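S.K.: here is my input; please provide its structure:
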Amino acid sequence: MDMQLKLLEAGKGALIGRLRSHPFLQRCREGAIQLDELKVFLAQQGLYSAYFTRYLCAMMANLPSNREVLALAENLFEELGLEPDSPQPHHEVYRSMLYRFEVSLESAELLPGTSQLIDTMFRHCRDTRPSAGLGALCLGAEALVPAIYGDIVAGFRACGAADGDIEFFLLHIECDDGHAETIRDIMVDIAAADPGQLGIMLAAGSDLVEARLRFFDSIEAACRGSQPQATHADTAPEAIPA
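M.R.: Predicted coordinates for the structure are as follows:
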């Protein structure tokens, strides 16, 4: 198991480095991002994350036993505010943030990169091989959140945003490591039983990172006024913006 864990952690590190090399996140870290660009990010991230419960449920349907399902269900209940004494549901925190920045998902245009990111995540989560969905959700999403959101927070602060206005990102920088570890532990068990599954996990994570890079490309292109194929979104935030 130690070997599988080391390989997964090494893969995660490489994927984080690949993602953080994108100019959008670089400009966030450097304080060179514009608030209008960050608002486009808020809308597109919200549209992608509106499906998060469905990504998770599609993947859970393919898990090998109820033990794994219950472990992930705890994460889901926490996000939805269904645990006893749980804080405000995360989708409500996100909606409040959108309101502060005067961003509406209902009127947002679904950019091509966002549409592709949604399709890529669904494809892996619906794969009957649980390793594909686990790799996508962990290495391609949850495990990346602290790094991505850390850069996004730096960008908002450089634009003068108060921490109270970006509470959602600060909250997830703290909590999503635990969510990623829950998925990672399941991945380690599966890979220990069948080492061939490790490659599937890493490939799925890489596929999601490539889709996320195109997501950022789409945002930059839209802000330059060179994105002609945006479509009207027909979804609203109902789930977990992660």
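S.K.: so who does C159 touch?
M.R.: Taking C-beta atoms under 8 Å, 6 or more residues apart in numbering as the criterion, C159 is in contact with I33, Q34, L35, L38. C-beta coordinates here come from the backbone N, C-alpha and C atoms, glycine included.
S.K.: switch to 6 Å and redo it
M.R.: L35 (C-beta atoms under 6 Å, 6 or more residues apart in numbering).
S.K.: and for K39?
M.R.: Counting by C-beta under 6 Å, 6+ apart, K39 has contacts F101, V103.
S.K.: what's the helix or strand for it?
M.R.: K39 belongs to helix 35-49 when assigned by DSSP states H and E.
S.K.: equivalent analysis for R157, please.
M.R.: Using DSSP H and E, R157 falls in helix 145-158.
S.K.: quick one: that helix to helix 35-49, angle?
M.R.: Going by axes from the mean of the first three to the mean of the last three C-alpha atoms, to 10 degrees, helix 145-158 is angled at 150 degrees with respect to helix 35-49.
S.K.: and the contacts of helix 145-158?
M.R.: Here helix 145-158 makes contact (C-beta under 6 Å, 6+ apart) with 16, 25, 28-29, 31, 33, 38, 166, 169, 172-173, 176-177.
S.K.: pull the CA atoms of it into CSV?
M.R.: The C-alpha trace of helix 145-158 is given here as CSV (Å, rounded to 0.1, in the frame of the first residue of the first chain):
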residue,chain,number,x,y,z
VAL,A,145,-8.7,22.4,-4.8
PRO,A,146,-6.3,23.8,-2.2
ALA,A,147,-3.8,24.7,-4.9
ILE,A,148,-6.3,26.2,-7.3
TYR,A,149,-8.3,28.1,-4.8
GLY,A,150,-5.1,29.4,-3.1
ASP,A,151,-4.2,31.0,-6.4
ILE,A,152,-7.7,32.3,-6.9
VAL,A,153,-7.8,33.8,-3.4
ALA,A,154,-4.5,35.6,-4.2
GLY,A,155,-6.1,37.0,-7.3
PHE,A,156,-9.2,38.3,-5.5
ARG,A,157,-7.1,39.8,-2.7
ALA,A,158,-5.0,41.6,-5.3
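S.K.: do me a favour and average the pLDDT over stretch 214-233.
M.R.: Mean pLDDT, stretch 214-233: 75.
S.K.: wait, what's in contact with D217?
M.R.: If you count contacts by C-beta under 6 Å, 6+ apart, then D217 has G113 around it.
S.K.: gap between it and P112?
M.R.: 9 Å (C-beta to C-beta, to the nearest Å).
S.K.: try G133
M.R.: From G133 over to P112 (counting by C-beta to C-beta), the distance is 24 Å.
S.K.: which sections of this structure are below the confidence cut-off?
M.R.: Applying pLDDT under 70 to the chain flags the ranges 1, 75-87, 175-178, 226-242.
S.K.: can you pull out the strands in it?
M.R.: Assigned by DSSP state E, the chain shows strands spanning 109-110, 231-232.
S.K.: give me the sheet partners of the first one and which way each runs.
M.R.: Using DSSP bridges, the neighbouring strands of strand 109-110 in the sheet come out as strand 231-232 (antiparallel).
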